[in-house]
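[1] what follows is a predicted protein model with its sequence.
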Amino acid sequence: MRLVRSFGLVGGGLVLLLVGLAFLPLPPPFFGMVLIAFALPMLASGSKRARRLIQFARWKIAQRNGFLEKALYQAPRWIGVYLRKTDPGPVTRRRRQKDRHQRLLT
């Protein structure tokens, strides 16, 4: 049952993400952004790899992360719960530890 749920979440998330990306260049781009906003939590809850990929993307786009954090407080609770799991803090911590280890070796 858990596997079926995971496949459903990942499949539905991918479909919503692709449809949302297709709607972005059309005149009302807000509709595409809404679909993407629903797709990301579905992907994050269905797959650990997707959650880590979203986490890494949030780390790479740190200047927009502040906007996302503000939007989390206004989003429905189920979206906020899954997007908080993609907080880029652990990626930053891992990078810092790796850099510290490299400095100690040299």
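    In hand now; what should we look at?
[2] every contact and neighbour count from this point should use C-alpha atoms.
    Will do.
[3] buried residues in stretch 49-58?
    Residues of stretch 49-58 classed as buried by neighbour count (16 or more other Cα atoms under 10 Å): 50-52, 54-56, 58.
[4] nope, stretch 16-33 is what I meant
    Buried residues in stretch 16-33, counted by 16+ other Cα under 10 Å: 16-17, 19-21, 23-24, 31-33.
[5] out of the residues you listed, name the ones that lie in helices.
    Cross-referencing the buried residues of stretch 16-33 against helices under DSSP state H gives 16-17, 19-21, 23, 31-33.
[6] can you put those residues in TSV and add pLDDT and distance to Val10?
    Below are those laid out as TSV (pLDDT from 0 to 100; distance: Cα to Cα, whole Å):
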residue	pLDDT	distance to Val10
Leu16	91	10
Leu17	90	10
Val19	92	14
Gly20	89	15
Leu21	89	16
Phe23	89	20
Phe31	82	21
Gly32	84	18
Met33	82	18
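[7] let me know the closest of these to Gln102.
    Nearest to Gln102 among these is Leu17, at 38.0 Å by Cα to Cα.
[8] beyond the lowest-mean-pLDDT helix or strand in the chain, next helix or strand please.
    Sorting the helices and strands of the chain by mean pLDDT, DSSP states H and E puts helix 62-74 at the bottom, at a mean of 68. Going down the chain from helix 62-74, the next helix or strand is helix 77-84, by DSSP states H and E.
[9] who are the packing partners of the helix or strand just after that next one?
    As assigned by DSSP H and E, the chain's next helix or strand after helix 77-84 is helix 89-105. Under the contact criterion of 3 or more Cα pairs under 8 Å, 6 or more residues apart in numbering; DSSP states H and E, helix 89-105 touches helix 48-60.
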